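[1] Got a predicted model here, sequence first, then my questions.
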Amino acid sequence: MAAGLAHHNDMKKLIASCFAVAASIMPLPATTIMVVPVYEPLSLQGTDGDEAISDTGEALQACVMARPMALSGAFPEVLVEAVRSRHRIPTNNPNYQVREANLLVLAGIGIDAELGTAGLSVIMDVSQMSIPPEVDLTARQILRLAIVALRKTLEPYQAPQSEPLEVRFSVVGTDQNNAGLRELDCSFTIGNTPGGG
C-alpha cells in the first residue's frame, strides 16, 4: 500500500511538472486594462438645460461629456467604439426617468474603427438610424456631436504619442432621403504635427 501511495504522489508531481513546463512554454494571454476618459454625445432630454456646444456653434438639448471607462483591446479603435457605450445618467431625482442618454445608441447609429498604415478610419453606419421623437435633434446634429466626442476622446490618448494620428471620418448606409449626411465626411489630425508645437 505504501508503494501504491508513493507511486500516486510521484504521478501527481509528474503532472504538476508537466503543467509548469507547459505554462512556461505557452504564453498566457495578457490583457491590459486602461482607465481612460471617453467622451459621448449625450441627450439632455428629461432635464431643464440646453447646452451651448461651442464646437458646433449651436445651443442644443445635448452635450458632449466624458466619463471614465476601464477598457482593454486594440487602442485607439476601442476608444472609438466606446463613444457609443450605453449610458444611463445617475440621478438623485425620481422624476428623471431617462433610461438611455447616448445619442448614438438612442438613434441606432453604428460605429466602427480600423487602424491602418494611413491612419484611423472611423465609420458611422446610419442604415438602421431612427431618431426617437423625444430627441429634438436632427441626424446631422447628432453626427456633428459624435465627431466632437471622437476628437475629444482621441486627444488624451494621442498626446503622449510621438507621431500624430490621421483620422478619416465617413458616414455609410445613407439612402436617398439622407444622402446629404455624407457631406460630414472629413479628415483631421490628432496630436502634434511634425515641426509643430
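    Yep, it's here.
[2] Do you know the pLDDT at the most centrally placed residue in the chain?
    Closest to where the C-alpha atoms of the chain average out (Cα atoms, centre = their mean) is Ala82, at 1.8 Å. Note on Ala82: pLDDT of 97.
[3] What's the local residue count around the nearest residue to Gln61 once chain neighbours are set aside?
    Leaving aside its sequence neighbours, Gln61 sits nearest to Leu44 (Cβ to Cβ, 6 or more residues apart in numbering; 4.6 Å). From N, CA and C alone the C-beta is placed, and that goes for glycine too. Close neighbours of Leu44, defined as other Cβ atoms under 10 Å, add up to 19.
[4] which residues in this protein form strands?
    34-43, 51-53, 58-60, 62-71, 110-116, 119-125, 165-172, 186-190 (DSSP state E).
[5] gap between Ala66 and Val78?
    Using Cβ to Cβ, to the nearest Å, Ala66 is found at 16 Å from Val78.
[6] Then Val64?
    Counting by Cβ to Cβ - Val64 and Val78 are separated by 19 Å.
[7] Of these two, give the one with the bigger neighbour count.
    The neighbour count for Val64 versus Val78, taken as other Cβ under 10 Å, is higher for Val64 (25 against 16).
[8] wouldn't that one be in contact with Leu145 here?
    Yes - using Cβ atoms under 8 Å, Val64 is in contact with Leu145, at 5.8 Å.
[9] how about the nearest residue to the residue nearest to the centre of the chain, chain neighbours excluded?
    Per Cβ to Cβ, 6+ apart, closest to Ala82 is Val38, 4.6 Å.
[10] can you tell me which of the strands of the chain comes nearest to Leu103?
    Nearest to Leu103 among the strands of the chain is strand 34-43 (4.4 Å), distances taken as Cβ to Cβ.
[11] The closest one - contacts with which helices or strands?
    Packing partners of strand 34-43 (3 or more Cβ pairs under 8 Å, 6 or more residues apart in numbering; DSSP states H and E): strand 62-71, helix 77-82, helix 103-106, helix 139-158.
[12] Most tightly packed of those?
    Ranked by mean neighbour count, the helices and strands packed on strand 34-43 are led by helix 103-106 with a mean of 23 (mean count of other Cβ atoms under 10 Å).
[13] Please save the CA atoms from it in CSV.
    Provided in CSV are the C-alpha atoms of helix 103-106 (Å, rounded to 0.1, in the frame of the first residue of the first chain):
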residue,chain,number,x,y,z
LEU,A,103,-27.4,59.8,-28.7
LEU,A,104,-25.7,57.2,-30.9
VAL,A,105,-27.5,54.4,-29.1
LEU,A,106,-30.8,56.2,-29.0
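[14] got the contact list for stretch 58-73?
    31-45, 47, 49-53, 55, 78-79, 82, 85, 87, 103, 136-137, 141-142, 145, 148-149, 152-153 (Cβ atoms under 8 Å, 6 or more residues apart in numbering).
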